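1. sequence plus the predicted model coming up.
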Amino acid sequence: MKILVDANVPAADACFGGLGEVVRLPGREIDAGAVRDADALVVRSITRVDEALLQEASRLRFVGTCTIGTDHVDQAALAHHGITFASAPGCNAEAVVDYVLGSLLTLAERQGWRLADRRVGVVGAGNVGGRLLGRLEALGIDCLACDPPRAEREGAQGFVELAALIDACDVVCLHTPLVTGGGHATHHLLDAERIAELAPGTVVLNAGRGGCIDGQALRQRLAGQGDITAVLDVWEHEPGIDATLHDLAAIATPHIAGHSLDGKLRGTHQVYRELSRHLGLPARVTLGDLLPSPPVSRLVLQGGLEAEEALRLCARAVHDVRRDHDSLLRESRRQGMARGFDACRARYPLRREFATLEVELRQEARRLSPLLEGAGFIAREHGDLPV
Ligand SMILES: NC(=O)c1ccc[n+]([C@@H]2O[C@H](COP(=O)([O-])OP(=O)(O)OC[C@H]3O[C@@H](n4cnc5c(N)ncnc54)[C@H](O)[C@@H]3O)[C@@H](O)[C@H]2O)c1
Ligand SMILES: O=C(O)[C@H](O)[C@H](O)COP(=O)(O)O
């Protein structure tokens with residue numbers, strides 16, 4: 001049994017090695033020839049799984065993507081060929097929320113505002129957006145949610161239309177999948193008209209899919225009026241993204257919002273469980289077997305810090321979004337945009353999630369406990385710590 005796995009899938013041998021022979025290839029090199037004699041294929045988001053890839057894959061019976069997004073997979077084509085499909089819903093949602101909070105705290109520092117004074121709009125309130133709303137609300141931040149498919153299913157209460165959200169919010173966060181057809185298409189959800197409606201000073205953050213924003217219209221607004229701020233993790237035409245838009249974005253990262261080790265390993269493990277089920281074999285490897293101890297596991301706060309400063313410090317102890325911005329800037333200058341973009345992703349440094357950091361609070365810092373817990377850290381008052 002040959003299992004062809006993207007080289008950027010961590011713990012592939014530990015998981016899939018017990019199910020068959022694991023062969024690894026960079027995701028962009030997985031083509032029809034490579035899958036010809038594969039029985040199972042495990043990808044991430046950069047491998048397009050479509051008729052062209054499947055044309056010679058007569059043995060292929062299982063395709064799994066260790067990602068949340070599935071827009072790179074033609075699921076109808078898989079069904080047509082009788083191939084079982086699995087994805088990894090929610091696997092890296094916590095990491096994306098960490099990225100959003102870290103980015104907003106960084107912008108707040110640079111631009112001289114407080115997150116607590118901003119109203120945040122979340123477009124797409126699924127695994128990522130729902131968790132983001134939960135953490136923002138726990139931080140006492142005023143939020144609005146727009147999710148028409150959910151509003152249709154669950155009732156309109158708690159949701160607003162996109163136009164109302166744009167009108168009322170200082171920060172607009174996109175967490176929608178890329179959907180090109182049907183009643184709730186998201187391709188260019190923020191189109192030229194919506195982008196023109198953004199009030200001066202608005203922050204637009206996209207950690208969904210690049211195609212959910214009209215990049216050309218956003219570039220024109222940033223280059224022309226220059227009165228809004230963009231935080232972009234996802235782009236149209238990755239990895240050969242628009243270099244001018246990249247330069248105009250206040251925070252520009254190479255599609256790494258979800259790239260915590262925890263998120264990637266959850267993704268591998270979810271697909272491993274599905275492949276085991278497909279083969280009728282027990283999944284003997286547990287997620288706990290795969291996750292190492294975090295490099296920074298404990299921080300002590302003594303007091304004397306303003307609340308958002310404390311949050312920023314804790315966020316950066318886990319993941320500093322400025323590092324990812326700087327590395328894309330550096331590598332794109334050095335190797336060109338497409339190669340630099342992929343190089344940053346392939347050599348992405350070890351990153352854990354907020355939930356792996358225990359923050360010990362002493363003296364006056366004890367008052368920060370609800371805030372730090374709300375942001376997703378483990379807060380412990382001095383004296384509560386396990387030995
Ligand atoms: N940048 C990254 O690293 C990264 C990481 C994870 C996920 N993603 C992207 O984020 C997307 C969302 O992830 P998720 O786990 O929350 O997915 P999800 O499926 O749990 O939630 C998506 C939500 O978007 C809503 N939605 C669909 N169409 C909409 C529309 N037209 N307007 C508003 N809302 C709409 C859905 O109803 C759903 O609630 C993924 O599909 C993926 O493309 C990116
Ligand atoms: O959809 C997802 O899960 C994310 O976009 C994920 O971070 C993609 O990871 P990649 O395949 O780009 O490594």
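-> Perfect, I can see it now. Ligands and ions are numbered 1, 2, ... in the order given.
2. could you list the contact residues of this protein toward ligand 1?
-> Neighbours of ligand 1 within the chain, by C-beta under 6 Å from any ligand atom: 68-69, 90, 92-93, 96, 123-129, 146-150, 175-179, 184, 186, 189, 207-209, 233-234, 255, 257-258. To be clear about C-beta, it is placed using only N, CA and C from the backbone, and glycine gets the same treatment.
3. near ligand 2, which of those show up?
-> Near ligand 2, by the rule C-beta under 6 Å from any ligand atom, you find Ile68, Gly69, Asn92, His255, Gly258 out of the residues of the chain next to ligand 1.
4. export these as TSV, with columns for secondary structure and neighbour count.
-> Below are these laid out as TSV (DSSP: H, G, I helix; E, B strand; the rest coil; neighbours: other C-beta atoms under 10 Å):
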residue	secondary structure	neighbour count
Ile68	coil	23
Gly69	coil	19
Asn92	coil	27
His255	coil	24
Gly258	coil	24
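5. out of those, what pair is the most spread apart?
-> Between any two of those, the greatest separation by C-beta to C-beta is 12.2 Å, found for Ile68 and His255.
6. sorry, back to before: and the ones next to ligand 2 among the residues of the chain next to ligand 1, which is closest to Leu54?
-> Of those, the one sitting nearest to Leu54 (C-beta to C-beta) turns out to be Gly69, at 19.5 Å.
7. thinking again about what came up before, ChimeraX command for the buried members of the residues of the chain next to ligand 1?
-> Buried residues among those (16 or more other C-beta atoms under 10 Å), as a ChimeraX selection:
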select :68,69,90,92,93,96,123,124,125,126,127,128,129,146,147,149,150,175,176,177,178,179,186,189,207,208,209,233,234,255,257,258
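8. any idea how far Thr176 is from the residue in the stretch 1-150 of the chain that ligand 1 sits nearest to?
-> Closest residue of the stretch 1-150 of the chain to ligand 1, C-beta to the nearest ligand atom: Gly126 (1.7 Å). Going from Gly126 to Thr176 by C-beta to C-beta, to the nearest Å gives 8 Å.
9. what do you get for Arg48?
-> Distance from Arg48 to Thr176, by C-beta to C-beta: 20 Å.
10. now the residue of the stretch 151-300 of the chain found nearest ligand 2. Nearest residue, chain neighbours left out?
-> Evaluated by C-beta to the nearest ligand atom, the stretch 151-300 of the chain has Gly258 as its residue closest to ligand 2, separated by 3.3 Å. With sequence-adjacent residues excluded and distances taken as C-beta to C-beta, 6 or more residues apart in numbering, Gly258 is closest to Asn92, at 3.2 Å.
11. can you check Arg219 too?
-> Going by C-beta to C-beta, 6+ apart, Arg219 has Leu245 as its nearest residue, at 4.4 Å.
12. what's the spacing between the one you found and Glu197?
-> Counting by C-beta to C-beta - Leu245 and Glu197 are separated by 19 Å.
13. neighbour count: the two, which is higher?
-> Leu245 (22 against 13; other C-beta atoms under 10 Å).
14. burial count for Phe62?
-> Phe62: 22 neighbours (other C-beta under 10 Å).
15. which ones are touching it?
-> With contact set as C-beta atoms under 8 Å, 6 or more residues apart in numbering, Phe62 has these partners: Asp39, Ala40, Leu41, Ile83, Thr84, Phe85, Ala86, Glu274, Leu275, His278.
16. just Leu372 next, same as before
-> With C-beta under 8 Å, 6+ apart, Leu372 has these contacts: Ala310, Leu311, Cys314, Val359, Leu361, Ala379.
17. so it: helix, strand or coil?
-> helix (DSSP: H, G, I helix; E, B strand; the rest coil).
18. look up how far ligand 1 lies from it.
-> Using C-beta to the nearest ligand atom, to the nearest Å, Leu372 is found at 24 Å from ligand 1.
19. C-terminal to the helix or strand that contains Val172, what's the next element?
-> Assigned by DSSP states H and E, Val172 belongs to strand 171-174. Going down the chain from strand 171-174, the next helix or strand is helix 192-197, by DSSP H and E.
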